[in-house]
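Engineer: Next input, structure requested:
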Amino acid sequence: MPPRASAKPSRKSLPPAVAAPDRAVEEVDTRYLETLIGYNARRAALSVIGLFLQRMAVYGLKPVDFSVLSLITHNPGITSAQLCSALSILPPNLVGIINALARRGLIGRQPHPRDGRAMGLHLTDAGHALMVEAEQTASDLEIEATGRLSAAERQTLIRLLRKVYLPP
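Structural biologist: As a prediction, this is how the structure comes out:
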């Protein structure tokens, strides 16, 4: 007959936090998490996004709204399908975003020159004026958020992050 398992695990087999419940944590050890790309990318993103949300509030833009408008700014006539692909947004989710931006008078729809079934998206004059300011604000806040990086380090960071999420 095999030996009976102990109802209470020995302290030697448990991690220190479980083995010593009576010990208070004075300083949080994040060394392991700091070795993970996801953890570091998320912490950096939260820092930048927090500043982004603050600064874009005056324009009434959330990150996804800004991204959609920026793509329309730099790709006049872009279709909803192209936006979905570029931003990894599901079509039903994009419909609400596009409709809200159109209701605000920031974008308009025009027939696509090569695809009679598609509509091209374009900025209105109001959308263009808003995006000139919003993109300058985004550029400024990125420099502020990454103030401890040199311009070369900033470009290297962007290049390396793109290598993580873009297909080879």
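Engineer: Where does the residue nearest the centre of the chain fall, secondary structure wise?
Structural biologist: When CA atoms, centre = their mean is applied to the chain, the residue found nearest the centroid is A45 (6.7 Å). A45 belongs to helix 37-56 when assigned by DSSP states H and E.
Engineer: Then R109?
Structural biologist: Per DSSP H and E, R109 falls inside strand 107-111.
Engineer: ok, the closest residue to V48 other than its chain neighbours to G38 distance?
Structural biologist: Computed as CB to CB, 6 or more residues apart in numbering, the closest residue to V48 that is not its neighbour in sequence is A145, at 4.6 Å. Backbone N, C-alpha and C define where each C-beta goes, glycine included. Here the criterion is CB to CB, to the nearest Å. By it, A145 lies 19 Å from G38.
Engineer: What's the local residue count around N99?
Structural biologist: Using other CB atoms under 10 Å, N99 has 11 other residues around it.
Engineer: Over to it: give its phi and psi.
Structural biologist: Dihedral angles of N99 (phi, psi; degrees, to the nearest 10) stand at phi -60, psi -40.
Engineer: check contacts around it.
Structural biologist: Shown in contact with N99 (CB atoms under 8 Å, 6 or more residues apart in numbering): no residues.
Engineer: From N93, how far off is it?
Structural biologist: Taking CB to CB as the measure, N99 falls 11 Å from N93.
Engineer: E135 touches S70, doesn't it?
Structural biologist: Yes - contact criterion CB atoms under 8 Å: E135 and S70 qualify, at 6.5 Å.
Engineer: those helices in the chain, which residues are they?
Structural biologist: 16-19, 37-56, 63-74, 80-87, 91-103, 125-145, 151-165 (DSSP state H).
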